[in-house]
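[1] after the sequence you'll find the predicted model.
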Amino acid sequence: MSTSVPELNTAVETAHAAFLLGRRANLTTRAGWLEAVAGALEEDADVLVPLAARETNLGVARLQGELKRTVFQLRLFAAEIRSGEHLDATIDHADPSWGMGPRPDLRRMNVPLGVVGVFGASNFPFAFSVMGGDSASALAAGCSVVYKAHEGHLGLSLRTAETVQRGLRQAGAPAGLFTLVTGRAAAEALVDHPLVKAIGFTGSTAGGRALAERAFARAEPIPFYGELGGINAVFVTEKAWWARRDSILSGYAASLSLGMGQFCTKPGLLFVPAGATAEAAELLRAAFADFEPAPLLTERLHEGYRNAVKEVSGQPGVELLVEGTFDSAPMPTVLRVASADVFEQPELLRQEMFGPASLMVEYREESELTALAELLEGQLTTTLQAEADDDVSDLGARLADISGRVLWNGWPTGVTVSFAQHHGGPYPATTSATTSVGTAAIRRFMRPVAHQDFPASRLPEPLQDTNPWSVPQRINGAWTRPQPKVDA
């Protein structure tokens, strides 16, 4: 049963009330809420994982790993907010001889935005769903969350939400800090509601674009942090190709077919030197020999995959290199096209085939690679397969311009949760310059506020000279990081 608009309004109002209470909590308390959710997810793993397997066609081992990742992320975020790094507490003491004239006492820190609406993805039912990166980072920032369930695993979403709410309740968090809603009407009303201050989204380019435009069209436009699509081009230099051709192709085959090609970081394009089409086809068929196909996430996604492959394969110059299938459990497809045809039809580099398919582009001369990269739209990742003495400075600079993450001699599938991680990229990869993975994701759902000439007793604790929360502070331009307090 879908959430009605009046029910959605009530959920948002309750979430706002929870935010007003929750933002008063200190960092240790807030971190405890995240850890309590992590513990509840672990406790319910034996229920959640089998339910996820039934609804998504994903294997138990894969789902166990994904749930482990989700729990790890919550605990990492808890540690991050305990440290206070995300607050960016900055203090400029009054200075009568400041170079621009007398400077008042200025103190700035990041504060949570409020209610955040989150739209999850179908392909990661734990890591990018109910308590995935967007929900976890919003809670870590001090916001409340209203989560729009994905219909691709609705039963799992409802059950996971119960687990999350139990964990928060047991930890003493305000009621309504996390709420789940369902249905299109609720989704649209969630974006429109004046108490909602930001949206996190993972999904299709079309769906994300529609919601982004809706968010920006409000009387009060709000930030829309959308991850929309990924082609994830891989560029192989001539030296790398002839030195490591077999291992490159086996790595490519494994990466494009991982999770049935339903990763947002799947390598959808591989640029290689011309002249080895037959050998490449033979090596790829050998690499897929032991591949065990599985059904895609949903019938709708399967239909979209089949249509996308047929559309790309029907373009002039595109040939089948490895013929796959479109059975209920499809075998991988690899298409081939010459760079000359790509220069005539740049749109070939911009068509995502979400599933186990990819396009190999054969270039005539390595000097073409930078020009081919110029044809690409924004990417979540790009990859250089190159040798140490290759001159790829121009190509590398171009890839950095259009990518959120650039890899050297690796494969893009697999996005670790860490401090330096960046999972984003220029449009249409995402709609912002932020990351949805890693500790930096927390800051999306905060904004800076400066206090000028406030009495010490009126300042927020992280901005006080006594620093009762022991957070890092930048004082008159220099960072200080207090030693953690040790209980007696």
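    Happy to help now that I have it.
[2] quick one, helices of the chain?
    5-22, 27-43, 45-56, 60-83, 133-141, 154-170, 184-192, 205-216, 238-257, 277-287, 299-313, 339-344, 368-374, 393-402 (DSSP state H).
[3] which ones are touching the residue nearest in space to the middle of the chain?
    Centroid-nearest residue in the chain: residue 436, 3.7 Å away (criterion: CA atoms, centre = their mean). The contact partners of residue 436, taken as CB atoms under 8 Å, 6 or more residues apart in numbering, are 128, 133, 134, 137, 200, 202, 225, 227, 423, 424, 430, 444. No exception for glycine: its C-beta is placed from N, CA and C like everyone else's.
[4] from the residues you listed, pick the one nearest residue 109.
    residue 444 (16.1 Å; CB to CB).
[5] contacts only, for the closest one.
    So residue 444 contacts 137, 141, 198, 200, 223, 225, 432, 434, 436 (CB under 8 Å, 6+ apart).
[6] rerun at 10 Å
    With contact set as CB atoms under 10 Å, 6 or more residues apart in numbering, residue 444 has these partners: 113, 116, 133-134, 137-138, 141, 143, 198, 200, 223, 225, 424, 432, 434-436.
[7] tell me how far it lies from residue 399.
    24 Å (CB to CB, to the nearest Å).
[8] end-to-end on stretch 194-205?
    25 Å (CA to CA, to the nearest Å).
[9] which parts of it are buried?
    The neighbour-count check on stretch 194-205 (16 or more other CB atoms under 10 Å) flags 196, 197, 198, 199, 200, 201, 202, 203, 204, 205 as buried.
[10] list just the nearest of those to residue 404.
    Distances from residue 404 to the buried residues of stretch 194-205, taken by CB to CB, are shortest for residue 202, at 13.9 Å.
[11] find the nearest non-adjacent residue to the closest one, please.
    Leaving aside its sequence neighbours, residue 202 sits nearest to residue 121 (CB to CB, 6 or more residues apart in numbering; 3.9 Å).
[12] ok, now residue 55?
    Counting by CB to CB, 6+ apart, residue 55 lies nearest to residue 153, which is 4.2 Å off, once chain neighbours are set aside.
[13] could you chop this structure up by domain?
    Taking automatic domain parsing as the domain assignment, the ranges for the chain are 5-228+432-448+459-463, 233-408.
[14] got the contact list for the nearest residue to residue 443 once chain neighbours are set aside?
    Leaving out its chain neighbours, the residue that sits closest to residue 443 by CB to CB, 6+ apart is residue 86, at 5.8 Å. Residues near residue 86 by CB under 10 Å, 6+ apart: 27, 77, 80, 109-110, 137, 140-142, 439-443, 445-446, 471-472.
[15] looks like residue 384 contacts residue 239 (just checking).
    No - counting by CB atoms under 10 Å, residue 384 does not reach residue 239; the two are 11.8 Å apart.
[16] can you check the pLDDT for the residue nearest to residue 37 when sequence neighbours are not counted?
    Nearest residue to residue 37, sequence neighbours excluded (CB to CB, 6+ apart): residue 167, at 4.0 Å. Per-residue confidence at residue 167 stands at 98 (pLDDT).
[17] got a list of what residue 167 touches?
    33-44, 74, 131, 173, 178.
[18] can you say which of these are buried?
    Buried among the contacts of residue 167 (16+ other CB under 10 Å): 33-42, 44, 74, 131, 173, 178.
[19] tell me the contacts of the residue nearest to residue 350 when sequence neighbours are not counted?
    Distances taken as CB to CB, 6+ apart place residue 377 nearest to residue 350, at 5.4 Å, with adjacent residues excluded. By CB under 10 Å, 6+ apart, the contact list for residue 377 reads 229, 231, 346, 349, 350, 402, 425, 426, 427, 428, 429.
[20] state the pair within the residues you listed that is farthest apart.
    346 and 425 (18.2 Å).
[21] these two: who's more crowded?
    Using other CB atoms under 10 Å, the more surrounded residue of residue 346 and residue 425 is residue 425, with 26 against 13.
[22] need the pLDDT of the more buried one.
    For residue 425, the predicted pLDDT is 96.
[23] still on that earlier bit, could you check how far the residue nearest to residue 37 is from residue 205?
    Residue 167 is 34 Å from residue 205, by CB to CB.
[24] if I pick the residue lying closest to residue 51 once chain neighbours are set aside, what's in contact with it?
    Nearest residue to residue 51 in three dimensions, chain neighbours excluded: residue 156, at 5.0 Å (CB to CB, 6+ apart). With contact set as CB under 10 Å, 6+ apart, residue 156 has these partners: 47-56, 63, 125-126, 129-130, 149-150.
[25] now residue 441
    Residue 441 neighbours (CB under 10 Å, 6+ apart): 73, 77, 80, 86, 133-134, 136-138, 140-141, 200, 225, 417, 421-424, 434-435.
[26] what's near enough to touch the closest residue to residue 417 other than its chain neighbours?
    Computed as CB to CB, 6+ apart, the closest residue to residue 417 that is not its neighbour in sequence is residue 73, at 4.7 Å. The neighbourhood of residue 73, defined by CB under 10 Å, 6+ apart, consists of 34, 38, 126-127, 131-133, 136-137, 140, 417-418, 437-439, 441.
[27] try residue 261
    Applying CB under 10 Å, 6+ apart, the residues near residue 261 are 123, 255, 267-268, 296, 305, 330, 332-333, 353-358, 413.
[28] mind redoing it with 8 Å?
    Contacts of residue 261 (CB under 8 Å, 6+ apart): 332, 353, 354, 355, 356, 357, 358.
[29] got CSV for these, with distance to residue 247 and neighbour count too?
    Below are those laid out as CSV (distance: CB to CB, whole Å; neighbours: other CB atoms under 10 Å):
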residue, distance to residue 247, neighbour count
332, 18, 23
353, 24, 25
354, 26, 23
355, 24, 26
356, 20, 28
357, 22, 25
358, 17, 29
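[30] closest to residue 370 among the residues you listed?
    residue 358 (21.4 Å).
[31] measure the closest residue to residue 398 other than its chain neighbours to residue 17 for me?
    For residue 398, ignoring the flanking residues on the chain, the nearest one in space by CB to CB, 6+ apart is residue 373 at 4.5 Å. Note on residue 373: its distance to residue 17, by CB to CB, is 50 Å.
[32] how many neighbours does the residue nearest to residue 396 when sequence neighbours are not counted have?
    Leaving aside its sequence neighbours, residue 396 sits nearest to residue 384 (CB to CB, 6+ apart; 6.4 Å). Neighbour count for residue 384, taken as other CB under 10 Å: 20.
[33] gap between residue 465 and residue 107?
    10 Å.
[34] who has more neighbours out of these two?
    Comparing residue 465 with residue 107 by other CB under 10 Å, the one with more neighbours is residue 107, at 23 against 11.
[35] would you enumerate the residues in contact with the more buried one?
    Residue 107 neighbours (CB under 8 Å, 6+ apart): 89, 90, 91, 92, 450, 451, 452, 454, 459, 463.
[36] the fourth one and residue 476 touch, don't they?
    Yes - under the criterion of CB atoms under 8 Å, residue 92 makes contact with residue 476 at 6.2 Å.
[37] those two: who's more crowded?
    Set side by side, residue 92 and residue 476 show more neighbours around residue 92, with 18 against 10, by other CB under 10 Å.
[38] that one bridge partners, please.
    Judged by DSSP bridges, the bridge partners of residue 92 are residue 106.
[39] mind checking how far it is from residue 100?
    12 Å.
[40] please apply the same query to residue 203.
    From residue 203 to residue 100 the distance is 47 Å (CB to CB).
[41] what does residue 16 give?
    From residue 16 to residue 100 the distance is 40 Å (CB to CB).
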